[in-house]
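Participant: take this sequence and fold it.
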Amino acid sequence: MCLAVPMQITEIAPDGSGKAELDGTSYQVDLSLIDSPQTGDFVIVHAGFAIEKLDKEEADARINLFEELAETQQQP
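Facilitator: Sure, this is the predicted structure:
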């Protein structure tokens, strides 16, 4: 199963790529599908591509859902 994960853009390169962070880990991300990406934007990343911008509240809500899901998977 593939998941689209909310991340925050931390760096943008002139070639349309950049770095995005989740839980302190940076990932190389293709930003070419996003209109006017900016450092600090929250985006949904799927298969290495940023596919949608989110506001901070929506990004936080989705990250919390992932954390809740992870907790349920760890319980016996």
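
Participant: return the distance of the longest strand belonging to the chain from the chain's centre.
Facilitator: Counting residues, the longest strand in the chain under DSSP state E turns out to be strand 5-12. Remark: strand 5-12 is offset 5 Å from the chain centroid, using Cα atoms, centre = their mean, to the nearest Å.

Participant: and for stretch 45-65?
Facilitator: With Cα atoms, centre = their mean, you get 5 Å for stretch 45-65.

Participant: just the mean pLDDT for that stretch, thanks.
Facilitator: Averaged across stretch 45-65, pLDDT comes to 92.

Participant: first-to-last residue distance for that stretch?
Facilitator: 16 Å (Cα to Cα, to the nearest Å).

Participant: buried set for that stretch?
Facilitator: 45, 50, 53-54, 59, 62-63 (16 or more other Cβ atoms under 10 Å). All C-beta spots, glycine's among them, are computed from the backbone N, C-alpha and C.

Participant: dump these into TSV; add secondary structure and distance to Q8 as well.
Facilitator: Listed next are these as TSV, based on DSSP: H, G, I helix; E, B strand; the rest coil; distance: Cβ to Cβ, whole Å:
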residue	secondary structure	distance to Q8
V45	strand	10
A50	strand	11
K53	strand	11
L54	strand	10
A59	helix	7
R62	helix	12
I63	helix	10
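
Participant: show me what contacts I12?
Facilitator: 18, 31, 37-39 (Cβ atoms under 8 Å, 6 or more residues apart in numbering).

Participant: give me that answer again for 6 Å
Facilitator: Shown in contact with I12 (Cβ atoms under 6 Å, 6 or more residues apart in numbering): 18, 39.
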